[in-house]
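Asker: no FASTA, just this:
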């Protein structure tokens, strides 16, 4: 039986690691660790327990239940968040500014008039991935 050289062994291990990372899913987005902090930093100035602007509070104690499978006020035929379907989630339509195309009302969110609460593309992607991954309360 032929001996395997160190170089060949390293190449096999490297190929295995590359194949595993190509097949692995992106990390699981946690609502409490990744999504709620975005809402707390950018949205609760307006969407808080004392005001419910647009009928929505994004405070930590209420946000999940007011989002997932909850009907939107601006376009009642859509849920604010539909698990695994960001394209059917009114929240994403508001964040992307496409809500008017489905009969939605009001400004895109956050409102373009306030540059201090603007969401980054990374923030939007985190919320989108959370929805794609099932909008879990984790």
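Answerer: Nice, thanks for sending it over. All of these numbers come straight from a predicted model, not from anything done at the bench.
Asker: the nearest residue to residue 105 once chain neighbours are set aside: what's it in contact with?
Answerer: In this structure, residue 105 finds its nearest non-sequential neighbour in residue 74, 4.5 Å apart by C-beta to C-beta, 6 or more residues apart in numbering. (Glycine included, C-beta is placed from N, CA and C.) Residues near residue 74 by C-beta atoms under 8 Å, 6 or more residues apart in numbering: 54, 90, 94, 99, 104-106.
Asker: my read is residue 74 is in a strand, agree?
Answerer: No - counting by DSSP: H, G, I helix; E, B strand; the rest coil, residue 74 is not found in a strand; it is coil.
Asker: for it, give me phi and psi.
Answerer: Main-chain dihedrals, residue 74, degrees, to the nearest 10: phi -70, psi -30.
Asker: any idea which of the contacts of residue 74 the model trusts least?
Answerer: Least confident entry in these, by pLDDT: residue 54, with 85.
Asker: distance check, that residue against residue 45.
Answerer: 13 Å (C-beta to C-beta, to the nearest Å).
Asker: how about residue 125, secondary structure?
Answerer: helix.
Asker: for residue 49, grab phi and psi.
Answerer: According to degrees, to the nearest 10, residue 49 has phi -60, psi -30.
Asker: need the contact list for it.
Answerer: 57, 59, 61-62.
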